[in-house]
Structure formats: C-alpha cells, structure tokens
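> build the 3D model from these lines:
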Amino acid sequence: MDAFLASPIGILAITVAQTLALLVPVLLAVAYLTLAERKVLAAMQLRRGPNVVGPFGLLQPFADAIKMLMKETIIPSGANRFLFVLAPILLFMLAMIAWAVIPVQDGWAIADINVGILYLFAVSSLGVYGVIIAGWASNSKYAFLGALRSAAQMVSYEVSIGFVIVTVLLCVGSLNLSDIVRAQERVWFFIPLFPMFIIFFISALAETNRAPFDLPEGESELVAGFFVEYSSMSFALFFLGEYANMILMSALTTILFLGGWHPPMHMEPFTWIPGFVWFALKIALLLFVFIWVRATFPRYRYDQLMRLGWKVFLPFSLVWLILTAAVLKLAGWLPA
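Residues are numbered from 1 along each chain as shown. Sure thing, here's the model as predicted:
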C-alpha cells in the first residue's frame, strides 16, 4: 500500500481525493449561501423568503440549479462566441483553484506552499479578466461599460489590499498561510491591526462587486452590467463565481486577521471543537456581514467609489504600513 501511495498514480489519487474533499463542501456552501442571503435579506425586510421547496425552503438551491440547467443558452448574434462562453467558465475556475492553498486546519491544505499569499493575490487579480472578456465579447454597450467599471474598481482596491497584506506579512515574516495563522495563536491580528482589518474587509466588498460597490452590475443604470446578455448555465456560473469569491475573501480575512482555525481567546473549554469548525464559523460570520451590508447601505456613486479607494484607503494603508515597519524595527523584530 505504501508503495502505491508513493507512486505517481497514488500521488495523483491522493491529490484528487483532497481536491474533492475541499471543493464539494465549497460548492455546497456556495449553493446554500444563495439561500442564506435570500433568507437574511427577507428577515431584515420583514418578509418570509424562500419557504416552499423542501422543509423551510432548504431545497431551493437545487430547484434553482435544475431551472438554470433546463433553460436555453442564448448567444447574441454579434457576440464573439468563443470568448462569450469562455468568460463565465474562467471566472468560476479561478474562484475554485484559489482554494488549493487555503489551510482549513493545521496541516489541512491541498498545497501548503511557502508563497501561498502570493498565489492567492495572483489568482484574485486574474478574476477581473473573466469580467472584462464577458463585457467585451457580449457586443453590448451596457455590458462593456460594466466591464470597464469592474476593471477600474478591482485595480483601485487591489492596491490597498496589497498594502494590508504586506503589513500582515511584516508581522509574521513568512508568505506561508499556515505560518500566518500560527502567528496568531495568542493574539489575533485584527486587534493590533484593526484599521487594516476594516480596510481589507471593505476592499473585499469592492473586489467581489458586492453592495454598496456593485456598480459593474448596477441594475438602475446598466440593467445588470457585464452579464446582461447571459442566460441559462452561463449566467449561473457568474452567479456561483461571485458567491465563491465571497467565501474565498471571507476565508482570507479569517486567515489574515481572525486567527484561522484557532478558537477565540479565553475559550479554553471549547478547544475540543475541531479547528476547521472554528474556521467555518468565522467565515459564516463574515458572510453574514456581507449580506447585512447589502441590506443596509445604498449603492455608491462611481466618483465616491474611486475617491474612497484612491484618496482614503491608499494613503491610509501606506502610512499604516510604514508605521508598522517602524514599530517592528524599533522593537527589534525586523532584520537590519
């Protein structure tokens, strides 16, 4: 048996099993996040939400999936057919492959590489290409304008996200995601780096095109934006990709600031709970805030969005990065 596991086929089988063990729960979480959002928004607006398909509406995501699969895929006559079909697949694939380096518990990562944070930053940066390709290939002015908005928005907020990540890396001294979590065993980073935690989470809202930064798909002026021409399963892939990115950004926030798989401080009686359960609970809390923000805040104007990114978040995160480096240097925690 050991010889088989050490062989190339055995290694491939183990990798496939690990991938399925991670991606199947993620896909189920994406499906039920759509239901959770509708339920939470309904509760906040004093409505019932989905409650017909299955007990308490729990089968609603599967009913939606069947409906999408049965619908006809319509490709506009003036669209670039290859790129039109490629765009939602690319967006969804990028949202999935990013999970390869996410440690859900100590030692539980498909690829525990030493540059995991760089891998995540690169994959999240590529996500904008799916949106741009979709907007351009649709041959629609509304879709193209939504794609341009998305590109500018993602580039603007990735800069401040980069400074926030560098600040955390200075405190840890490693690019490995597991090392970042282990460094928070005593104190979670959201306590000493609270302003950066807030900037990172708000930037995550902008990165995932979520309210109040959902300008690329603004219904009031762009009639759904970059995916206005999409239907059937191609539309569903955009939908699933957005929700998968929400879960991914919540997982990254948990790793960088909320101690990953570590239980909350002063909760020693609950250390028997597995680390991946704490990890999932923290992600669920952040996802609730995603939905709460959507129910609370109106959509920003585009000039307000750009001003917040370039005139507030960028200079503040840069100054905080410099201050953090100075404090660490004076404390003797940074090399000469």
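
> now do the helices in the stretch 151-300 of the chain.
Applying DSSP state H, counting those that start in this stretch to the stretch 151-300 of the chain gives helices spanning 177-182, 194-207, 219-222, 232-257, 275-296.

> need those helices in TSV with mean neighbour count, can you?
Yep, even glycine has a C-beta here, placed from its N, CA and C like the rest. TSV is the format used below for those (neighbours: other CB atoms under 10 Å):
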stretch	mean neighbour count
helix 177-182	22
helix 194-207	21
helix 219-222	12
helix 232-257	23
helix 275-296	17
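
> present these as CSV; the columns should include distance to residue 30 and mean pLDDT.
Shown next, in CSV, are those (distance: least, CB to CB, whole Å; pLDDT from 0 to 100):
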stretch, distance to residue 30, mean pLDDT
helix 177-182, 21, 92
helix 194-207, 16, 93
helix 219-222, 22, 69
helix 232-257, 5, 91
helix 275-296, 11, 93
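
> select, out of those, the one closest to residue 318.
Evaluated over these, closeness to residue 318 peaks at helix 194-207, with 10.9 Å, by CB to CB.

> how big is the angle separating that closest one from helix 275-296?
70 degrees (axes from the mean of the first three to the mean of the last three CA atoms, to 10 degrees).

> show residues contacting helix 194-207.
Residues outside helix 194-207 that contact it (CB atoms under 8 Å, 6 or more residues apart in numbering): 124, 153-154, 156-158, 160-161, 164, 167-168, 189-190, 211-213, 245, 249-250, 252-253, 256-257, 286, 289-290, 293, 305, 309, 313, 316-317, 320.

> quick one, it and helix 232-257 angle?
Going by the same axes, to 10 degrees, helix 194-207 makes 170 degrees with helix 232-257.

> tell me how far the closest residue to residue 48 other than its chain neighbours lies from residue 217.
What sits nearest to residue 48 in space, not counting adjacent residues and going by CB to CB, 6 or more residues apart in numbering, is residue 42, at 5.9 Å. Distance from residue 42 to residue 217, counting by CB to CB, to the nearest Å: 21 Å.

> so those two - more neighbours on which side?
Neighbour tally, residue 42 and residue 217, criterion other CB atoms under 10 Å: the higher count belongs to residue 217, 21 against 16.

> neighbours of the residue lying closest to that one once chain neighbours are set aside, how many?
Spatial nearest neighbour of residue 217, excluding adjacent residues (CB to CB, 6+ apart): residue 225 at 3.7 Å. Neighbourhood size, residue 225 [other CB under 10 Å]: 26.

> check which element follows the longest helix along the chain along the chain.
Using DSSP state H, we find that the single longest helix of the chain is helix 8-44. Note on helix 8-44: by DSSP states H and E, the next helix or strand toward the C-terminus is helix 60-70.

> report the buried residues of that next one.
Burial within helix 60-70, assessed by neighbour count using 16 or more other CB atoms under 10 Å, is assigned to 60-61, 64, 68.

> kindly report the same for stretch 106-115.
So, applying 16+ other CB under 10 Å, buried residues of stretch 106-115: 108-110, 112-113.

> got the phi and psi for residue 108?
Residue 108 adopts backbone torsions of phi -100, psi 80, taken as degrees, to the nearest 10.

> what pLDDT does it get?
Residue 108 carries a pLDDT value of 83.

> any idea what it is bridged to?
residue 105 (DSSP bridges).

> what's the spacing between residue 72 and residue 85?
14 Å.

> between the two, who's got more neighbours?
Between residue 72 and residue 85, residue 85 has the larger neighbour count (other CB under 10 Å), namely 17 against 6.

> not counting sequence-adjacent ones, nearest residue to the more buried one?
Using CB to CB, 6+ apart, the nearest residue to residue 85 is residue 234, at 6.7 Å.
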